[in-house]
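Undergrad: Turn this into a structure:
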Amino acid sequence: MAEFKFTEYMLEIAEALKEILHTAGDKHFSRISSLPALEEYLQNMTFNSGWQILVVDNRTGRYDDSSKSDNLLDRQLYSFYLVKSIKLNDFDAREQLIRDAEIVLKKILSKYFYDKRSCLNGLRDLQRNSITYDTIGPIGNECHGLMVHFSIIEPPGIIYNEDDWSWP
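TA: You can find the predicted model right below:
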């Protein structure tokens, strides 16, 4: 099974999706590590027009044993932001931006689901029911959009090996 490489995968989406079209000269993709880092990044960024994909590159997960067996599952959690800058206090523009963000998100999810069905890019075990989103904004330089979360389950490969230990 292919390993899911979140940052690389989202970069490919940002480069290929027509609503985003990230390039080296026209940046629409970045990595962040926390919400305070996101605020600072957005506050200091001079936006061109268009959507930005911001990938949270911290690794988060939990081991799950819902079947009460010795077969743990590694539930890896992923997050990204889909944001765009608008004029200050333009509430109608914000509502339209959120509707547009949902359209762009559905296109991103359609790629996820295609790859899941085709067992591509490590998305075979994408947990479709884990996908959540929240509207966000204003953050940074009057950015609004969606914060998206999802999980992928992988076998953790936890195997006891006596050679790893030095018992007295």
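
Undergrad: Run through the bridge partners of Asp145.
TA: Actually, residue 145 is Gly rather than Asp. Val83, Ile136 (DSSP bridges).

Undergrad: if I look at it, how far off is Lys116?
TA: Look at Gly145 and Lys116: by Cβ to Cβ, to the nearest Å, they are 24 Å apart. For glycine as for every other residue, the C-beta is placed from the backbone atoms N, C-alpha and C.

Undergrad: and what of Ala93?
TA: 34 Å.

Undergrad: okay, those two: which has more neighbours?
TA: The neighbour count for Ala93 versus Lys116, taken as other Cβ atoms under 10 Å, is higher for Lys116 (18 against 14).

Undergrad: tell me which element the more buried one falls in.
TA: helix 91-117 (DSSP states H and E).

Undergrad: Now do the buried residues in that helix.
TA: Of the residues in helix 91-117, 94, 97-98, 101, 104-105, 108-109, 111-112, 115-116 count as buried by neighbour count, 16 or more other Cβ atoms under 10 Å.

Undergrad: got it, and stretch 127-144?
TA: Buried residues in stretch 127-144, counted by 16+ other Cβ under 10 Å: 133, 136-137, 139-144.

Undergrad: could you give me the average pLDDT of it?
TA: Regarding stretch 127-144, the rounded mean pLDDT is 90.

Undergrad: Just confirm Ala2 contacts Leu120, I think it does.
TA: Yes - counting by Cβ atoms under 8 Å, Ala2 touches Leu120, with 7.1 Å between them.

Undergrad: And the next helix or strand past the one helix or strand in the chain whose mean pLDDT sits lowest?
TA: When each helix and strand of the chain is scored by mean pLDDT, DSSP states H and E, helix 35-44 comes last, with a mean of 64. Sequence-wise, the next helix or strand downstream of helix 35-44 (DSSP H and E) is strand 52-64.
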